[in-house]
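A.B. asks: this is a predicted model, with the sequence first.
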Amino acid sequence: METVVMRLFGKCGKIFSEERERMYAIDFETDNHAQINFYTEDNQVTFEKKVRIADGLKEKLVSIQEEWENLESEEDYPEFAESFWSNLGEDEEKSLKDAQRIVVEYYNKHTDKLQFILNHSEKMFDMTAFEVVFDYQGSVVKCTIPECFSDPTGIIESYIAICSENKNHINKVMNEDWEPLKAFKFLRLAKNNTDLESKYLLLSTAAELGVKEFFITKKPMLRALFYEISSPPLHKLYGKLMNEYFEIEVPNKKIIQELSEIRNEIVHKVEVEKKISFHDCNEKIKEVQRILVFLQRNLIEDNVFLDNLSCFGTVKRKSAVEINMDYGPIGNDELVRGAYHKIKVRYFD
């Protein structure tokens with residue numbers, strides 16, 4: 001087996017950086033063969049990992065280099081590459097697919113956490129293709145595999161705030177051995193959904209899942225209880241039982257009960273009798289986010305990104321930038337420390 005670098009690449013949101021550096025890298029201490037790179041010039045992102053491929057596949061990649069280099073124009077490359085990759089032998093194709101699977105698993109594992117700490121409600125990346133990268137005759141060779149990967153949800157217009165200051169925080173948190181609560185995924189979906197009843201259902205799911213995740217993470221022995229039989233009502237879990245099991249006094253108990261009642265009406269009745277509105281739902285989104293941050297804070301070491309997630313509003317950095325947030329999470333007045341959602345940047349006198 002031969003070692004090469006497999007690179008999954010695509011586009012990310014516009015990278016907001018004070019320094020205007022060309023690239024920012026996130027390195028993984030436990031895996032020195034893995035890296036995430038952000039390129040500020042073209043808003044490209046790559047997830048790179050060393051993988052092992054079959055000797056025969058590496059030999060074919062080496063043997064084809066001169067033909068690739070002698071193509072008359074770049075326009076000839078896609079057809080040539082398509083012909084090469086689609087005519088691999090069975091063993092070489094299996095080796096390639098295994099390597100791609102490893103990199104996709106690496107991407108999926110880390111993109112959720114990265115999205116959590118950068119506090120993005122939308123999909124951050126639009127991943128489009130793979131490259132196999134290796135050294136050949138003293139130079140680096142990049143062999144692009146056309147149209148073998150696509151991220152079906154795509155990316156919307158958004159900003160990624162990253163710079164030399166907060167990169168250190170990002171590297172530290174990405175290397176910590178914990179995962180964000182899965183409930184944050186449903187919170188993000190609730191924020192972006194445009195159907196009112198669906199927003200409430202997604203938000204209720206986020207609240208319920210977050211509370212149950214907390215219990216199971218804190219006391220794994222409760223997993224069977226939650227999975228196999230009906231668990232206690234959510235407002236009792238997030239309240240009396242939270243205090244009884246963990247001696248934690250929780251905030252915003254009322255919101256859990258209200259969400260459960262609205263959820264039950266939407267699911268079990270054709271016409272919802274309770275008064276619901278986008279304004280009410282958005283206010284409840286803020287409250288549930290605070291609840292999830294509270295629970296996450298009780299599971300992991302505190303960090304600047306949790307501070308950002310727990311506050312809302314507009315923050316100005318003196319004489320430089322105004323940052324306006326829809327759901328606003330910034331907990332300090334230093335732009336360089338944060339990781340922000342939907343940044344709108346305005347330089348002012």
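C.D. replies: All right, it came through fine. Numbering: from 1, shown residues only.
A.B. asks: quick check: next helix or strand after the strand or helix carrying Gly56?
C.D. replies: Per DSSP states H and E: Gly56 is located in helix 55-63. As assigned by DSSP H and E, the chain's next helix or strand after helix 55-63 is helix 65-69.
A.B. asks: quick check: mean pLDDT of that next one?
C.D. replies: The pLDDT scores in helix 65-69 average 72.
A.B. asks: show me what the helix holding Gly56 is packed up against.
C.D. replies: Here helix 55-63 touches strand 2-12, helix 90-117, strand 125-136, going by 3 or more Cβ pairs under 8 Å, 6 or more residues apart in numbering; DSSP states H and E. Where C-beta positions appear, they are placed from N, C-alpha and C, glycine not excepted.
A.B. asks: go with 10 Å
C.D. replies: Under the contact definition 3 or more Cβ pairs under 10 Å, 6 or more residues apart in numbering; DSSP states H and E, helix 55-63 sits against strand 2-12, helix 90-117, strand 125-136, strand 139-145.
A.B. asks: what angle do that helix and helix 90-117 make?
C.D. replies: Counting by axes from the mean of the first three to the mean of the last three Cα atoms, to 10 degrees, helix 55-63 lies at 90 degrees to helix 90-117.
A.B. asks: what does helix 55-63 contact?
C.D. replies: 1-4, 52-54, 68, 84, 87-89, 91-96, 99, 132, 134, 136-137, 141, 143 (Cβ atoms under 10 Å, 6 or more residues apart in numbering).
A.B. asks: repeat the analysis, applying 7 Å as the threshold.
C.D. replies: Helix 55-63 is contacted from outside by 1-2, 4, 89, 91-92, 95-96, 132, 136, 143, using Cβ atoms under 7 Å, 6 or more residues apart in numbering.
A.B. asks: secondary structure class for His169?
C.D. replies: At His169 the chain is in helix, as set by DSSP: H, G, I helix; E, B strand; the rest coil.
A.B. asks: number of residues surrounding it?
C.D. replies: Counted with other Cβ atoms under 10 Å, the neighbours of His169 add up to 17.
A.B. asks: swap in the one 4 residues further on?
C.D. replies: Here the count is done by other Cβ under 10 Å, and Val173 has 21 residues near it.
A.B. asks: noted, bye for now.
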